[in-house]
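*Asks:* Here is a sequence together with a model predicted from it:
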Amino acid sequence: MKIRGTKAIVTGGASGLGAATVTALREQGAEVAIFDIDEEKGRKLAAETGARLYRVDVTDEANVAQAMDDFCAGGDVHILVNCAGIAPTMKLFIHEGLHRLDVFERVQAVNSTGTFISSLQFASRPREPRDGGDESGVIINTSSIAAQDGQMGHIAYAASKAAVEAMTLPMARELASSKVRVIAIAPGLFDSGMASFSHARRPDSPGQQVPHPSRLGQPEEFANLVLHVIENPMINGCLIRIDGALRLGLL
């Protein structure tokens, strides 16, 4: 799908991987909506890029639907990139007792249910095909290598990102008749607010665990992959790892 002239939504677009994606899409000529609960960062990025900011809690279906209705009123939206997520660390057994159920449920609500809500609301809206009728939409969801290489202390996070990975193929199959593709990207260690799950315990060498290149990934590299996925019509129904050949160890 050609990006220039399209309309795109990026959830969690105010910071980190989402902000880099917003910037990259705007540079390619897309009209972009930032869906984020962080209004301060969102306003700053919107002013810098010319994107539109909507204060959106991705766990609130009515909130997501209202924001999409408003943004879609100016024309069809063909791209959705779900970057909203949280990554608290908590082991099964902690000083205060057991892993808190409310923490587990909150991570699932934001990372997996929030991704599902946004994808569902996007997919349910009619849109005219682009590029000669071959494509009607692209949904890109953010999983994590933690879904496959989960570390201690990240049961909730790994479970939520595994759910994002698992919904990719069946969603792509269901939406194939509507000419909408669905892809999941699984970042490794990136220099963003979400990159806490491994190198937080090793602040002296955060990128040295990565075989090559031996450094943290940059949010712009994630955004570049998003652009390629949008423009390559044969990428569908799959998970793409972007991790420098990293496989997370025990800690």
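*Replies:* Thanks, I have the structure now.
*Asks:* Share the number of residues neighbouring the closest residue in space to residue 125 that isn't next to it in sequence, please.
*Replies:* Spatially, and ignoring its direct neighbours in sequence, residue 125 is nearest to residue 72 (5.8 Å; Cβ to Cβ, 6 or more residues apart in numbering). Where you see a C-beta, it was placed from the backbone N, CA and C, and this is true even at glycine. The number of residues packed near residue 72 is 18, by other Cβ atoms under 10 Å.
*Asks:* What distance do you get for residue 72 to residue 137?
*Replies:* 12 Å (Cβ to Cβ, to the nearest Å).
*Asks:* Could I get the full set of strands for the stretch 1-150 of the chain?
*Replies:* 7-11, 31-36, 52-55, 79-82, 93-94, 97-98, 137-142 (DSSP state E, counting those that start in this stretch).
*Asks:* for these, which one sits closest to residue 215?
*Replies:* Among these, the nearest to residue 215 by Cβ to Cβ is strand 137-142 (20.3 Å).
*Asks:* what angle do the longest strand seen in the chain and strand 137-142 make?
*Replies:* The longest strand of the chain (DSSP state E) is strand 180-187. Here the directions of strand 180-187 and strand 137-142 differ by 20 degrees (axes from the mean of the first three to the mean of the last three Cα atoms, to 10 degrees).
*Asks:* what does strand 180-187 rub up against?
*Replies:* Strand 180-187 has contacts (Cβ atoms under 8 Å, 6 or more residues apart in numbering) with 17, 119, 123, 135-145, 147-148, 161, 164-165, 168-169, 171-172, 175, 194, 217, 222, 225-226, 229, 233, 235-243.
*Asks:* Where helices are concerned, which of the residues you listed count?
*Replies:* Judged by DSSP state H, the subset of these located in helices is 17, 119, 123, 147-148, 161, 164-165, 168-169, 171-172, 175, 222, 225-226, 229.
*Asks:* Just the buried subset of these, written out for PyMOL, thanks.
*Replies:* Selecting the buried subset of the ones in helices among the contacts of strand 180-187 in PyMOL, with 16 or more other Cβ atoms under 10 Å as the burial test, is done by:
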select buried, resi 17+119+123+147+148+161+164+165+168+171+172+175+222+225+226+229
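*Asks:* where's the nearest residue to residue 224 once chain neighbours are set aside relative to residue 87, distance?
*Replies:* Excluding its sequence neighbours, the residue lying closest to residue 224 (Cβ to Cβ, 6+ apart) is residue 24, at 6.8 Å. Residue 24 sits 23 Å away from residue 87, going by Cβ to Cβ.
*Asks:* And for residue 216?
*Replies:* 15 Å.
*Asks:* again, but for residue 31
*Replies:* Separation of residue 31 from residue 87 (Cβ to Cβ): 30 Å.
*Asks:* And residue 70, by the same measure?
*Replies:* Look at residue 70 and residue 87: by Cβ to Cβ, they are 29 Å apart.
*Asks:* try residue 28
*Replies:* 28 Å.
*Asks:* between the two, who's got more neighbours?
*Replies:* Using other Cβ under 10 Å, the more surrounded residue of residue 28 and residue 87 is residue 87, with 21 against 18.
*Asks:* what about the nearest residue to that one once chain neighbours are set aside, how many residues close to it?
*Replies:* Counting by Cβ to Cβ, 6+ apart, residue 157 is the residue found nearest to residue 87 once chain neighbours are left out, at 4.9 Å. Residue neighbour count, defined by other Cβ under 10 Å, stands at 27 for residue 157.
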